[in-house]
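Peer 1: heads up, no residue letters with this:
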């Protein structure tokens, strides 16, 4: 635990293990607090412990110890609003500060020393610098660090403060941003202290830039790209079906990571002159061993995918000798941790969505976002809200992949029955992953929301008439990361669950199979799977849930009424 602060405005406590129970007792016996304020603070402490699952008697309540919990907690999951959660954190902060637990310094301009106040006045015209450097200014002023004394060592203590004493969600990123802004102020603001500071990097970089590898290796990789990408379809090493652009980009990145791991394992980068050399059994084992060492000797899904790609290159491109290929295959099997079906993480994320209360929140969310947008004065922000609503609505009624969602175009994929975009509408496309054609009718609320978005809000997101349903700022389509973030943030805020766009596909399958356990052909067609076996491999896990439910309802449920389950058909 961080050392106790001996600030003048706090009621000091001894170096006793601090728990929620201890703090509640301090509040109860604090004679300087009114009864109403005591009740508010006690309620805040209890709610804080309840929502973050902190043991009141033994758990560490500090923000540093619970940073991840605070970041992941969604107020909607506890049926409280953002404002209520903010008030709880404010009350807990007040208790911490009052009883000597280090917390964020109050960012009041009047608390700044004359030196820091003068420096702050120089950047009044630049809101980004003012906001970004505010925490550092107040920290320096409170700790007696003058602006001219801001060095890398002083900044290191500020970094520690962000980690130990604040609720900053990403203290490393916040600290890095402060360093960047300080350097910018040094270059742009007259009279700013000129001592240099370093900008830290917290990335654990593994991969080397392509330019660092041997030219002969790069030439071979370019040839490989051309062959597998379809430029030389009749080359004997070409696949039966050329890789798509996205697939090729993924494979290329996996190859770069593998080659970088080989270098990290001790192989001089200049000696890797060909893919045959890079994939020699001894080198292959060295690269995989280095990767596994980063995960405590265990494989990861990412490493499993890299190994599969490297095995394919060894088999089809290098055309390795059978004796060596057997060794590569054996090593690849040892790191293969992929299993059929959904990942454990997706299963955990899907579980809350099977709750009827959460489902109803999700089903009503698009209309809630539309209603909220109507009250937003900023036209662009309102349009973004409705764009998010449309994206979620489409995923609910047409569970397509995110790549296909982003590339939807009016009159191409969303087709209206009559000219002028009138009448009924249908969403029809050829899935990007497997070329399967899928179609969905857009009706009722879905169609009404789509029309309102297209006529009122879509024009605000583009310079003129566009066909793209989700237009981008710099390109024809919105960035996948941006739309994914809009969807996940909205669902987390209003429904209290973590849902990424692809989870809508699993959700649709789960809902169908829960009601109709044998409806794999229906799920397969809905999701656009090329083979029904793909559907069964992914979703057979739902059968165990259905079996357990059947067992409870048909076998165990009679216990509730004291009537044993009967098997002979006789009368009682």
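Peer 2: Right, received. Where do you want to start? The structure displayed is predicted, hence computed values, not measured ones.
Peer 1: Now do the SS call for residue 198.
Peer 2: When classified by DSSP: H, G, I helix; E, B strand; the rest coil, residue 198 comes out as coil.
Peer 1: so it touches residue 176, yeah?
Peer 2: No. At 10.4 Å, residue 198 does not count as touching residue 176 under the criterion of CB atoms under 8 Å. The way it works is simple: take the backbone N, C-alpha and C, and place the C-beta from them, glycine included.
Peer 1: More neighbours: these two, which one.
Peer 2: More neighbours surround residue 176 than the other of residue 198 and residue 176, with 17 against 10 (other CB atoms under 10 Å).
Peer 1: And the nearest residue to that one once chain neighbours are set aside, how far from residue 206?
Peer 2: Leaving aside its chain neighbours, residue 176 sits nearest to residue 200 (5.9 Å; criterion: CB to CB, 6 or more residues apart in numbering). The gap separating residue 200 from residue 206 is 18 Å, by CB to CB, to the nearest Å.
Peer 1: I'd guessed residue 299 sits against residue 333; true?
Peer 2: No. Here residue 299 does not reach residue 333: they are 10.5 Å apart, not a contact under CB under 8 Å.
Peer 1: Neighbour count for those two, which is higher?
Peer 2: Shown here are residue 299 and residue 333; by other CB under 10 Å, residue 299 has more neighbours (17 against 10).
Peer 1: Outline the domain layout of the protein.
Peer 2: Taking automatic domain parsing as the domain assignment, the ranges for the chain are 20-98, 109-188, 210-335, 347-511.
Peer 1: Nearest to residue 538, out of the ones you listed?
Peer 2: domain 347-511 (7.3 Å; CB to CB).
Peer 1: what is the mean pLDDT for the closest one?
Peer 2: Mean per-residue pLDDT for domain 347-511: 91.
Peer 1: Stretch 170-177 too?
Peer 2: 93.
Peer 1: try stretch 301-320
Peer 2: 94.
Peer 1: Could I get the pLDDT score of the residue nearest to residue 176?
Peer 2: Note on residue 200: pLDDT of 92.
Peer 1: roughly how far apart are it and residue 168?
Peer 2: Residue 200 is 15 Å from residue 168, by CB to CB.
Peer 1: Between these two, tell me which one has more neighbours.
Peer 2: The neighbour count for residue 200 versus residue 168, taken as other CB under 10 Å, is higher for residue 168 (19 against 14).
Peer 1: tell me the contacts of the more buried one?
Peer 2: Going by CB atoms under 8 Å, 6 or more residues apart in numbering, residue 168 touches 67, 162, 174.
Peer 1: Could you measure from residue 70 over to residue 58?
Peer 2: In terms of CB to CB, residue 70 sits 19 Å off from residue 58.
Peer 1: what do you get for residue 205?
Peer 2: 39 Å.
Peer 1: repeat for residue 419
Peer 2: Taken as CB to CB, the span from residue 419 to residue 58 is 70 Å.
Peer 1: Show the model's pLDDT score for residue 553.
Peer 2: For residue 553, pLDDT reads 68.
Peer 1: which residues touch residue 38?
Peer 2: 27, 28, 30.
Peer 1: and the first one, that one's in a helix?
Peer 2: It stands for residue 27. Yes. Assessed by three-state DSSP, residue 27 belongs to a helix.
Peer 1: hang on, it packs against residue 33?
Peer 2: Yes. With contacts counted by CB under 8 Å, residue 27 reaches residue 33, the gap being 6.8 Å.
Peer 1: Looking at the two, which is more packed in?
Peer 2: Neighbour count, other CB under 10 Å: between residue 27 and residue 33, residue 27 has more, with 20 against 17.
Peer 1: Need the per-residue pLDDT for that one.
Peer 2: If you check residue 27, the pLDDT there is 95.
Peer 1: One more: residue 525?
Peer 2: Reported pLDDT for residue 525: 88.
Peer 1: residues in contact with the residue nearest to residue 176?
Peer 2: Per CB under 8 Å, 6+ apart, neighbours of residue 200: 172, 175, 176, 179.
Peer 1: Filter these down to the buried ones.
Peer 2: Neighbour counting by 16 or more other CB atoms under 10 Å classes 175, 176, 179 among these as buried.
Peer 1: Among the residues you listed, name the ones in helices.
Peer 2: 175, 176, 179 (DSSP state H).
Peer 1: Would you mind giving both backbone torsions of the closest residue to the last one other than its chain neighbours?
Peer 2: Beyond its immediate neighbours in the sequence, the residue positioned closest to residue 179 (CB to CB, 6+ apart) is residue 199, lying 4.6 Å away. Summarising the backbone geometry of residue 199 under the convention degrees, to the nearest 10, its torsions are phi -100, psi 110.
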